[in-house]
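Asks: Below are the sequence and a predicted model; questions follow.
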Amino acid sequence: MEKKSKNKAVKSGIFIAVFVLSIMIIGVSVSYAYYAANVTGNATTNDNNAGKLNVTTSLTNGDTINATSLVIIDGNDYLNKAESIEFTVTNNTDSTVNAGYTISMTDITISKNMLSKYFKWAIVVNSDTSNVITGDFQDASLATEGTSDTTTVSIPSKTLVSEENAFTLNIGATDTITFYLWLENDNNVDQLYLTNGTMSAKLSLDAVPIR
């Protein structure tokens, strides 16, 4: 029992010492007008509607995650211990339509050993932890779980919040989003293959009008 405890301590220490992570953050502000023709009866276009959407985000001015190490985390402890950033998305009062927005990662460069189900992300909106969106970086088409290969691969984009699950912002409303990134602990697996991993990426937000 004593030997097992010692090995666990060494395992955690290696993660803290050698894992390197860098995430660069970008934001996409959206401001444009859209037009829609409501056609009825004999297909006339007399009933035309015009709308303006002006969505802004603090992603462009916010902090970045630039960690030289990540602590391996048990279960939901990531809400208190994981690396995270917070940013806002606002549908400004001069908009005339509601907004729907999605979140993705772009320009991803990641080592193959980090394409793992234990490398996790989460999104919490307005501190509502009962509706957390979570995911991981496992990609069997690029790497097998458990590889210690630290060769990097490029991934153009990764959807975090899809169009089907887009968040809605009413006119004048603001959402506060917290994005978490961490390594999840599994006491039954030797996770040392995750050491010396690296990843860089950009966080991106896209907004569209909702009629």
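Replies: Arrived safely.
Asks: Helix or strand: which one has the residue most central in space within the chain?
Replies: Against the mean C-alpha coordinate of the chain, by CA atoms, centre = their mean, the closest residue is L160 at 5.2 Å. Following DSSP states H and E, one finds L160 within strand 152-161.
Asks: buried ones in the lengthiest strand in the chain?
Replies: Counting by DSSP state E, the longest strand found in the chain is strand 98-111. Of all the residues in strand 98-111, those buried under the rule 16 or more other CB atoms under 10 Å are 98-105, 108, 110-111. Using the backbone N, CA and C atoms, a C-beta is placed for each residue, glycine as well.
Asks: cool, stretch 88-100 as well?
Replies: 89-92, 95, 97-100.
Asks: And these, which is closest to A122?
Replies: Nearest to A122 among the buried residues of stretch 88-100: V89, at 16.9 Å, using CB to CB.
Asks: Do I have it right that the closest one meets F179?
Replies: No. Between V89 and F179 there is no contact, the gap being 12.0 Å when judged by CB atoms under 8 Å.
Asks: Can you find the helix or strand of the chain with the lowest average pLDDT?
Replies: helix 2-18 (a mean of 36; mean pLDDT, DSSP states H and E).
Asks: contacting residues around the strand holding L160?
Replies: 101-112, 115, 121, 123, 133, 135, 137, 139, 142-143, 167, 198, 201, 204 (CB atoms under 8 Å, 6 or more residues apart in numbering).
Asks: Tell me the strands beside that strand, with direction?
Replies: strand 98-111 (antiparallel) (DSSP bridges).
Asks: Compute the mean per-residue pLDDT across the partner strand, please.
Replies: Averaged over strand 98-111, pLDDT sits at 89.
Asks: Could you check how far that strand is from the centre of its chain?
Replies: The chain centre lies 6 Å from the centre of strand 98-111; the measure is CA atoms, centre = their mean, to the nearest Å.
Asks: and what of stretch 149-165?
Replies: That offset, for stretch 149-165, works out to 10 Å (CA atoms, centre = their mean).
Asks: got the CA positions of it in CSV?
Replies: As requested, the backbone C-alpha atoms of stretch 149-165 are provided in CSV (Å, rounded to 0.1, in the frame of the first residue of the first chain):
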residue,chain,number,x,y,z
ASP,A,149,4.6,10.1,-29.4
THR,A,150,5.0,13.9,-29.0
THR,A,151,5.1,14.6,-32.7
THR,A,152,2.7,17.5,-33.4
VAL,A,153,-0.2,17.6,-35.8
SER,A,154,-2.3,20.5,-37.1
ILE,A,155,-6.1,20.6,-36.8
PRO,A,156,-7.8,23.5,-38.6
SER,A,157,-10.7,23.7,-36.2
LYS,A,158,-12.6,21.9,-33.5
THR,A,159,-16.3,22.7,-32.7
LEU,A,160,-17.0,23.2,-29.0
VAL,A,161,-20.5,24.6,-29.3
SER,A,162,-22.2,23.7,-32.5
GLU,A,163,-24.9,25.5,-34.5
GLU,A,164,-27.4,23.0,-33.3
ASN,A,165,-26.6,23.9,-29.7
